[in-house]
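[1] only geometry, no sequence info:
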């Protein structure tokens, strides 16, 4: 169980370039459970990559994690993930494969997308949706930006949890 | 005119999609036309119904936004709406399909 204000599970997952990544080691880490096939994840994708770019010089790391069962959803295969990265869709943000789904289960991720903001001590400070409307790019992943601004200022986020919105994670049978 | 609305509850867009469909029908004066709502629950059902994702809307058996060789399965459909990816079909696309269906029904 990954509760708010408790330490999040550690992990080490492979990115599409075979490098390993996990939370911690920076002022804040944003973990985005996402995927290739879900229209909600796709609709929010650019906003989250923009956020990664905007906060990079403030020692914030964004990790995108795809936990979906690629047998039932082939568009979420590692090869398809690699193709998206090669196509420039992640602009340097690591796109990690959670093949065993253990990380998604440990975080109790429910949907793609489902966002978790961790502080320097890997404590969960926000979890939920990127912002209030997948269909409005002007929202700019505002829930996550607000949470990050608070964490970086050493304050509690005003809104620490919102309902995740998106496609259910595709668990293996 | 036969209007079918197929959905899978693993994709949360279906309630709004059905409401949008009924609103489009009302806007065209088609309130009396029945919408056959069908939930797709299993992969077998998806394959049998040639269901490529939720929501799927068919008018007289024709998909309002024909899929491009997508496999049948329990998933969310990706539509384009106002030039952006959306879990909901473009209202104009739905409207045009309903108009065509109503015109065909009137001609029969």
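    Structure received. All values derive from a computational prediction rather than experimental measurement. Numbers count the residues shown, from 1 in each chain, chains lettered A, B, ... in the order given.

[2] so which elements touch the longest helix belonging to chain A?
    The longest helix of chain A (DSSP state H) is helix A:39-55. Counting contacts by 3 or more C-beta pairs under 8 Å, 6 or more residues apart in numbering or on different chains; DSSP states H and E, helix A:39-55 packs against strand A:28-33, strand A:60-66, strand A:111-112, helix A:142-152, strand A:167-168, strand B:84-86. For glycine as for every other residue, the C-beta is placed from the backbone atoms N, C-alpha and C.

[3] quick one: average pLDDT of it?
    For helix A:39-55, the mean pLDDT works out to 97.

[4] buried stuff in that helix?
    By 16 or more other C-beta atoms under 10 Å in any protein chain shown, the buried positions in helix A:39-55 come out as A:39-49, A:51-52, A:55.

[5] can you tell me what sits against the helix or strand of chain A with the lowest mean pLDDT?
    Using mean pLDDT, DSSP states H and E, the weakest-scoring helix or strand in chain A turns out to be strand A:167-168, at a mean of 92. With C-beta atoms under 8 Å, 6 or more residues apart in numbering or on different chains as the test, strand A:167-168 has contacts from A:35, A:37-41, A:110-112, B:10-12, B:75-76.

[6] which SSE is residue B:98 in?
    Here residue B:98 sits within helix B:91-107, counting by DSSP states H and E.

[7] tell me how far that helix lies from the chain's centre.
    The chain centre lies 13 Å from the centre of helix B:91-107; the measure is C-alpha atoms, centre = their mean, to the nearest Å.

[8] and what of stretch B:83-103?
    Distance, centroid of stretch B:83-103 to centroid of chain: 8 Å (C-alpha atoms, centre = their mean).

[9] identify the residue spatially nearest to residue A:118, adjacent ones excluded.
    Excluding the flanking residues, the one nearest residue A:118 by C-beta to C-beta, 6 or more residues apart in numbering or on different chains is residue A:29, at 4.5 Å.

[10] correction: the previous question concerned residue B:74.
    That would be residue B:8: by C-beta to C-beta, 6+ apart, it lies 5.0 Å from residue B:74.

[11] pretty sure residue A:156 is touching residue A:150, no?
    Yes. With contact defined as C-beta atoms under 8 Å, residue A:156 reaches residue A:150; the gap is 6.3 Å.

[12] now do the shared contacts for the two.
    Common contacts of residue A:156 and residue A:150 (C-beta under 8 Å, 6+ apart): residue A:125.

[13] more crowded one of these two?
    Neighbours per residue (other C-beta atoms under 10 Å in any protein chain shown) separate residue A:156 from residue A:150, with residue A:150 holding more: 20 against 14.

[14] for the closest residue to chain B within chain A, which residues are in contact?
    With C-beta to the nearest C-beta, the shortest gap between chain A and chain B falls at residue A:39, namely 4.0 Å. Residue A:39 makes contact with A:167, B:13, B:76, B:77, B:78, B:79, B:85, B:86, B:87 under the criterion C-beta under 8 Å, 6+ apart.
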